[in-house]
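A.B. asks: build the 3D model from these lines:
(one chain, ligands or ions: 1)
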Amino acid sequence: MDSTQPSWLVEPCPTWCVRDHTEVDHPEDRVHASEATLVPVIGTRDDQALATESVASFDLVVQLRRGVGELFDWVAVEPTESHHPRLMLSRESAAVVAAAMSELANSSPR
Ligand SMILES: [Zn+2]
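C.D. replies: Numbering: from 1, shown residues only. Sure thing, here's the model as predicted:
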């Protein structure tokens, strides 16, 4: 730990954390975070089924996060603009969802 580390950060950052932790970070912001991967997508954030009229292009952020003092990593997926809807999935769940999405996306359109 170096002398610039905030007093509340009493653990080393995971190797993937790129967040600049500061003494004045709000307790809810005391989270380790990886580089954000921006994924441009076409879709809808509307929760109504088949809401074709609400289709838009937007960016999703995919990022690994872990609360300071926590044991588990979470894969966060959320729109860059609104952060809603947000999915926070365990690494294992993210892998299962990614595989299921890939299978569906690559299935025959007929
Ligand atoms: Zn960190």
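A.B. asks: so what's the closest residue to residue 79 other than its chain neighbours bridging to?
C.D. replies: Excluding its sequence neighbours, the residue lying closest to residue 79 (CB to CB, 6 or more residues apart in numbering) is residue 58, at 5.4 Å. No exception for glycine: its C-beta is placed from N, CA and C like everyone else's. Taking DSSP bridges as the rule, residue 58 bridges to residue 41.
A.B. asks: which elements pack onto whatever helix or strand residue 76 lives in?
C.D. replies: Assigned by DSSP states H and E, residue 76 belongs to strand 74-79. Secondary-structure packing of strand 74-79 (3 or more CB pairs under 8 Å, 6 or more residues apart in numbering; DSSP states H and E): strand 56-67, strand 87-90, helix 91-105.
A.B. asks: and the residue nearest to residue 79, how far is that from the ion?
C.D. replies: Taken as CB to the ion, to the nearest Å, the spacing of residue 58 relative to the ion amounts to 27 Å.
A.B. asks: could I get the contacting residues of residue 35?
C.D. replies: 16, 18, 63 (CB atoms under 8 Å, 6 or more residues apart in numbering).
A.B. asks: got the residues you listed as CSV, with distance to residue 25, pLDDT and neighbour count columns?
C.D. replies: Listed next are those as CSV, based on distance: CB to CB, whole Å; pLDDT from 0 to 100; neighbours: other CB atoms under 10 Å:
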residue, distance to residue 25, pLDDT, neighbour count
16, 18, 98, 14
18, 15, 98, 11
63, 17, 97, 19
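A.B. asks: please name the nearest non-neighbouring residue to residue 43.
C.D. replies: residue 55 (6.7 Å).
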